[in-house]
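# Return a 3D structure for these sequence lines:
(one chain, ligands or ions: 2)
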Amino acid sequence: MPIRQLTETMINQIAAGEVVERPASVVKELVENALDAGASRIEVATAGGGLGLIRVTDDGSGIPEEELELAVSRHCTSKLSTDIHDIRSLGFRGEALPSIGSVARLTIRSRTRDASSGAEIGIEGGEPTGTRPAPANRGTSVEVRDLFYATPARLKFMKGERAETSAITEIVKRIAIAFPAVRFTLSGTDRSTTDMPATGDDEKGRLARIAQVMGKDFPDNSIAVDAMREGVRLHGHVSIPSYTRANALQQYAYVNGRPVRDKLIAGALRGAFADVLPRDRHAVTVLFLSLDPALVDVNVHPAKADVRFRDPGLVRGLIVGAVREALAASGVRSSTAGAS
Ligand code: ADP
Ligand code: MG
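Ligands and ions are numbered 1, 2, ... in the order given. Predicted coordinates:
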């Protein structure tokens, strides 16, 4: 066969394979967009585990009518100026909306602060439908229907409504921990609604949000961590050794406000607790790392859950040292006999 260029829709579907693994990935991308738009209220509604419907509504900046078409075009973003090493927003790749639009039916309805009316655009079969006027509140509402209808092979990998719904809940909670000044509401088909009112951006507000998400037990059974090394700050809470879990799923980590699943952080936490916890028990942790964006590469994977630190040794040392110190200072004793 002769060499040919892939069609735009095929290129977007290939990108979607990486960005949109399951309904929860769509929710993550849309919620991150709402946060980047400065929203103070974000509502997530789903049906059928997110495969039938995902709707994310925010009260953020909105998208100007004349930019709606760009918003759904590949590699178009309002977030990157010139330097890919200085990323301060959650998004920057300009990939999420076109990717989602290539595997689902997408509608975006939006209105900016100064616009007198709203507008909407859709994507059907990978093609934008054209911008048209539409009634809209200030902010943006993105609706995704029939996820993966265009890629039946991917649809087959979905785990069923219950599992997909719980993955969505988990991702919203994980993000909500990092944005306590934002109100999050999450509702599904079963009429259950999780409402997390804003608690505020100060230390008290952060702890209140953690309690909303993880239950009041955690703040009662945790100690504060706050340390700084060579410009890298680590702060948050770790559970005391009597409050543990059988797995590490409740170890939440954030790098500059971005939720991450990072091997280095997980390994550092194992090291920090090695002396006080049996090997099959895991601490519950919520830890925020803040550092110069130039010292961490968030462009490792399209879903942006992995990061690479310029100086991994520094970060590891900071976590192990700070957590051990906090445990020692709080006077908690080891739960394993003989350890000190
Ligand atoms: P990225 O977030 O990497 O820029 P996306 O495909 O997710 O790429 O979004 C493309 C663009 O659409 C964004 O850069 C932004 O300008 C606009 N946009 C998307 N969602 C929203 C939203 N909820 N509020 C305001 N603008 C949005
Ligand atoms: Mg985005």
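# end-to-end on stretch 204-223?
The straight-line separation of the ends of stretch 204-223 (CA to CA, to the nearest Å) is 14 Å.
# Tell me how far that stretch lies from the chain's centre.
Stretch 204-223 has its C-alpha centroid displaced from the chain centroid by 19 Å (CA atoms, centre = their mean, to the nearest Å).
# and the closest residue to ligand 1 within the stretch 1-150 of the chain, helix, strand or coil?
Relative to ligand 1, the nearest point of the stretch 1-150 of the chain is residue 91 (2.3 Å; CB to the nearest ligand atom). Quick note: C-beta positions are derived from backbone N, CA and C, even for glycine. Taken by DSSP: H, G, I helix; E, B strand; the rest coil, the conformation at residue 91 corresponds to coil.
# cool, the one 10 residues further on as well?
Judged by three-state DSSP, the three-state class of residue 101 is helix.
# contacting residues for it?
Under the criterion of CB atoms under 8 Å, 6 or more residues apart in numbering, the contact list for residue 101 reads 12, 72, 123, 126, 128.
# To which secondary structure element is the nearest residue to the fourth one once chain neighbours are set aside assigned?
Read it as residue 126. In this structure, residue 126 finds its nearest non-sequential neighbour in residue 9, 3.4 Å apart by CB to CB, 6 or more residues apart in numbering. Using DSSP states H and E, residue 9 falls within helix 8-19.
# Tell me which residues touch the one residue in the stretch 151-300 of the chain that gets nearest to ligand 2, please.
For the stretch 151-300 of the chain and ligand 2, the shortest gap (CB to the ion) falls at residue 258, measuring 12.1 Å. Shown here is residue 258, whose contacts under the criterion CB under 8 Å, 6+ apart are 90, 178, 298, 304, 307.
# Need phi/psi at it.
Torsion angles at residue 258 (phi, psi; degrees, to the nearest 10) stand at phi -90, psi 120.
# and it, what are its bridge partners?
On the basis of DSSP bridges, residue 258 is bridged to residue 255.
# how near is it to residue 230?
Remark: distance between residue 258 and residue 230 (CB to CB, to the nearest Å) = 21 Å.
# Residue 171 now?
As for residue 171, its distance to residue 230 is 32 Å (criterion: CB to CB).
# Between the two, tell me which one has more neighbours.
Neighbours per residue (other CB atoms under 10 Å) separate residue 171 from residue 230, with residue 171 holding more: 20 against 10.
# Checking the more buried one next. Helix, strand or coil?
Here residue 171 is recorded as helix under three-state DSSP.
# Next: the one 10 residues further on.
Reducing the assignment to helix, strand or coil with three-state DSSP, the entry for residue 181 is coil.
# ok, how many other residues are close to it?
Each residue near residue 181 was counted by other CB under 10 Å, and the total is 13.
# residues touching it, list them.
40, 198-201, 205.
# switch to 10 Å and redo it
40, 198-202, 205-206, 209 (CB atoms under 10 Å, 6 or more residues apart in numbering).
# Got the phi and psi for it?
Note on residue 181: its backbone torsions stand at phi -90, psi 0 [degrees, to the nearest 10].
# pLDDT wise, what is it at?
As summarised for this prediction, residue 181 has a pLDDT of 98.
# And the residue of the stretch 51-200 of the chain found nearest ligand 2, what's its pLDDT?
Proximity of the stretch 51-200 of the chain to ligand 2 (CB to the ion) peaks at residue 91, 2.9 Å away. As summarised for this prediction, residue 91 has a pLDDT of 86.
# Kindly report the same for residue 336.
The confidence metric pLDDT takes the value 50 at residue 336.
# and what of residue 231?
At residue 231, the model reports a pLDDT of 95.
# on that earlier part again, which of the contacts of residue 101 fall within strands?
When these are checked against strands using DSSP state E, the ones located there are 123, 128.
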